[in-house]
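> Got a sequence here, can you build the structure:
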Amino acid sequence: MSPYLSELQLDALRELANIGSGTASTALSSLLARPVDISVATARALPFADAVDAVGPAERLVTAVAIGVSGELDATVLLLLEPEDAAVLYALLGLHPADVLAPSALGEVGNILGTSYVNALSAMTGLRLEPEPPQTANDMLAAIVASVLAGRAGGAELALVLDADLAVDGEDCTMAFMLVPSQEGVHELLSRLGLEG
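Next up is the predicted model:
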């Protein structure tokens with residue numbers, strides 16, 4: 001149980017994630033020309049510092065795709081993959097991690113996943129949300145969080161952490177997906193869902 005959100009509120013956010021995952025599955029299936037299934041294993045709402053710890057050790061090397069969100073809700077979407085999971089996606093795209101096109105290709109996969117979730121949020125809440133172009137980075141988890149999220153999260157208290165499993169025609173990979181809304185954004189989001197308070 002989150003110290004900030006009730007089980008009912010978490011269920012609503014989990015449902016948003018499932019809707020976004022369905023949309024993302026369809027879009028990725030078109031991109032990869034093979035069946036794609038994305039399932040959300042868990043959804044947790046955690047204090048920002050705890051959310052970072054939940055994703056893994058600060059010194060762990062990860063591949064990240066970050067997407068800023070502006071409009072009526074300021075937030076950052078962050079997709080985190082272990083190197084071996086990123087390698088699975090690169091192989092499905094016909095690329096090697098060292099290829100010059102690899103970061104932009106992974107950025108596009110992250111863009112599809114992130115914007116699908118953002119669009120689901122927008123559709124269910126009526127909020128006007130504008131995803132920004134993705135940024136891709138390979139670094140230690142702590143460094144990525146510090147450089148990519150800290151500036152935008154500006155005082156964020158809460159992060160929604162989704163552990164998702166992606167299966168593409170028999171190939172599996174696991175990813176962590178974080179939505180970090182501004183402090184005001186959490187209240188606005190829950191209010192639009194009729195779950196404030």
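
> For the protein, which segments count as helices?
In the chain, the helices defined using DSSP state H lie at 7-32, 48-55, 83-92, 102-125, 141-144, 150-153, 183-192.

> elements contacting the fifth one?
So that's helix 141-144. Contact analysis of helix 141-144 by 3 or more Cβ pairs under 8 Å, 6 or more residues apart in numbering; DSSP states H and E lists helix 48-55, strand 61-71, strand 75-81 as its packing neighbours. Quick note: C-beta positions are derived from backbone N, CA and C, even for glycine.

> ok, now the second one?
In terms of contacts (3+ Cβ pairs under 8 Å, 6+ apart), helix 48-55 is packed against strand 36-47, helix 141-144, strand 158-168, strand 171-181.

> List the buried residues of that helix.
Buried residues in helix 48-55, counted by 16 or more other Cβ atoms under 10 Å: 48, 50-52, 55.

> what's the answer for the fifth one, then?
Using 16+ other Cβ under 10 Å as the test for burial, helix 141-144 gives 141, 143-144.

> same deal with the longest one?
Residues of helix 7-32 classed as buried by neighbour count (16+ other Cβ under 10 Å): 9-10, 12-14, 16-17, 19-21, 23-25, 27-28, 32.

> mean pLDDT lowest for which of the helices of the chain?
The minimum mean pLDDT among the helices of the chain belongs to helix 150-153 (a mean of 58).
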